[in-house]
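Novice: let's see this in three dimensions:
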Amino acid sequence: MRRRYVRISVFTASGIVYVYPTMSDKTDKARSIDLEIEELRAFTRPTSRVTSSALEDRLYKIFPVLDHGFVRVVDYMGDDTSIVQAARVSYGKGTKSVRNDEGLIRYLMRHRHSTPFEMCEIKFHIKLPIFVARQWIRHRTANVNEYSARYSMLDREFYIPAPEHLAAQSEVNNQGRGDVLRDEEANDVLEMLKADAARSYDRYETLLNERQDGRIINDDKQGLARELARMTLPLSAYTQWYWKVDLQNLIHFLSLRMDPHAQYEIRAFADVMYDMVRDWVPLTAKAFEDYRLNSFSLSGPMVSAVRRMVSGEKVTVENSGISAREWRELQAALGLSD
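Specialist: Just a heads-up that it's a prediction; the model follows:
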């Protein structure tokens, strides 16, 4: 007979014991997670390293994203002063003022001197839909350790979009959304998504010959290996991972995934993560907003067109020397109309 899931007692660093419940016991499971977070936050150590008091307040706490996802910070290294130290190749905080530190950070960001930002690192624990994870993993400049569906069963949790996020395919963008679906069609889509998710998980349990709570379905059957049974689950199923990244590559990730053109689901995670970054490195975050997030890059021909505009010349898309798409982007960035 196959081994069943049991409650597991885990000893933590400070000697407190937690009892982890079966997978189906959601209430007890939530309590165990809350207890773990409380204990981790209560167990402090003296350190001579720089710390961020605002980020320390967020450490280990779970911040919900989407319907079942979350983001939490589990570790970090450095702060704004670490970037300044690296740039000046000095020791300690030195004698420079905060104003000078801010000026240097803004200079580094403005001129894309990225190496000093790589001296700060942060580690997140993230729970996210598999289809979001497949987009996310394209950012290859981080360290990732993902939940193993070969070793453990996945939970019966699937991403079901809120009605306001159910939209038709965009008519002008092959990888974007258009108008929100009308009520009747949106309701039909939601019911199909929910039914497909439930049916796929039922099939997953049948293939494994095991319920989520560890009960064996049929003692006369062996059940399929977890590494094979997971193939029946949809991309809306949730996975989890630890994601460690330096600040420079995190900034690049955020600049792409907080963009209005990014898919809503990954943008929701990026927005929550950026709130944490602002607490962690506020001077860097402000420079990032000014020089990356809310800025606009001009090509050489665009700069030439703007100079002609400033000199009083009437510039149109026909005589601008740039493509129609670039012209629309320039007009939008400058707040102009044709």
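Novice: quick test: name the residue nearest the centre of the chain.
Specialist: By C-alpha atoms, centre = their mean, the chain has its centre lying nearest to residue 269, at 3.8 Å.
Novice: separation between that residue and residue 298?
Specialist: 30 Å (C-beta to C-beta, to the nearest Å). C-beta coordinates here come from the backbone N, C-alpha and C atoms, glycine included.
Novice: now swap in residue 165 and tell me
Specialist: Distance, residue 165 to residue 298, by C-beta to C-beta: 33 Å.
Novice: circling back to that earlier point, who touches the residue nearest to the centre of the chain in this structure?
Specialist: 65, 69, 71, 126, 128, 132, 136, 257 (C-beta atoms under 8 Å, 6 or more residues apart in numbering).
Novice: the host helix or strand of the third one pairs with which strands, and in what direction?
Specialist: Translated: residue 71. Using DSSP states H and E, residue 71 falls within strand 69-77. Taking DSSP bridges as the criterion, strand 69-77 sits next to strand 63-65 (antiparallel), strand 121-129 (antiparallel) in its sheet.
Novice: just put those in TSV and tack on mean neighbour count and distance to residue 103.
Specialist: Shown next, in TSV, are these (neighbours: other C-beta atoms under 10 Å; distance: least, C-beta to C-beta, whole Å):
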stretch	mean neighbour count	distance to residue 103
strand 63-65	16	32
strand 121-129	21	24
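Novice: residue 249 is nearest to which of these?
Specialist: strand 121-129 (9.6 Å; C-beta to C-beta).
Novice: give me the low-pLDDT residue ranges for the stretch 201-338 of the chain?
Specialist: Scanning the stretch 201-338 of the chain with the threshold set as pLDDT under 70 gives 338.
Novice: quick one: the helices in it?
Specialist: 226-229, 247-257, 264-280, 282-288, 300-310, 324-334 (DSSP state H, counting those that start in this stretch).
Novice: need those helices in CSV (columns: distance to residue 160).
Specialist: Shown next, in CSV, are the helices of the stretch 201-338 of the chain (distance: least, C-beta to C-beta, whole Å):
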stretch, distance to residue 160
helix 226-229, 22
helix 247-257, 22
helix 264-280, 12
helix 282-288, 32
helix 300-310, 42
helix 324-334, 34
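Novice: out of those, which comes closest to residue 88?
Specialist: That would be helix 282-288 among those, by C-beta to C-beta, at 14.6 Å.
Novice: thinking again about what came up before, out of the helices of the stretch 201-338 of the chain, nearest to residue 55?
Specialist: Here helix 264-280 is closest among the helices of the stretch 201-338 of the chain (C-beta to C-beta), at 4.3 Å.
Novice: flag every buried residue along the closest one.
Specialist: 265-270, 272-274, 276-280 (16 or more other C-beta atoms under 10 Å).
Novice: still on that earlier bit, ok, residues contacting the strand holding residue 71?
Specialist: Contacts for strand 69-77 (C-beta under 8 Å, 6+ apart): 49, 52, 55, 58-65, 120-129, 159, 238, 242, 244, 269, 272-273, 276, 280.
Novice: now do that strand, average pLDDT.
Specialist: Here strand 69-77 scores 96 as its mean pLDDT.
Novice: now the contacts of residue 269 in TSV, with distance to residue 77?
Specialist: Output for the contacts of residue 269, formatted as TSV (distance: C-beta to C-beta, whole Å):
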residue	distance to residue 77
65	24
69	25
71	18
126	18
128	24
132	26
136	22
257	22
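Novice: farthest pair within those residues?
Specialist: Longest span within those, C-beta to C-beta: 69 and 257, 14.2 Å.
Novice: contact partners for residue 329?
Specialist: By C-beta under 8 Å, 6+ apart, the neighbours of residue 329 are residue 296.
Novice: tell me how far it lies from residue 336.
Specialist: Residue 329 is 11 Å from residue 336, by C-beta to C-beta.
Novice: where along the stretch 1-150 of the chain do the helices fall?
Specialist: Under DSSP H, counting those that start in this stretch, the stretch 1-150 of the chain gives helices at 26-42, 53-58, 80-88, 98-110, 130-136.
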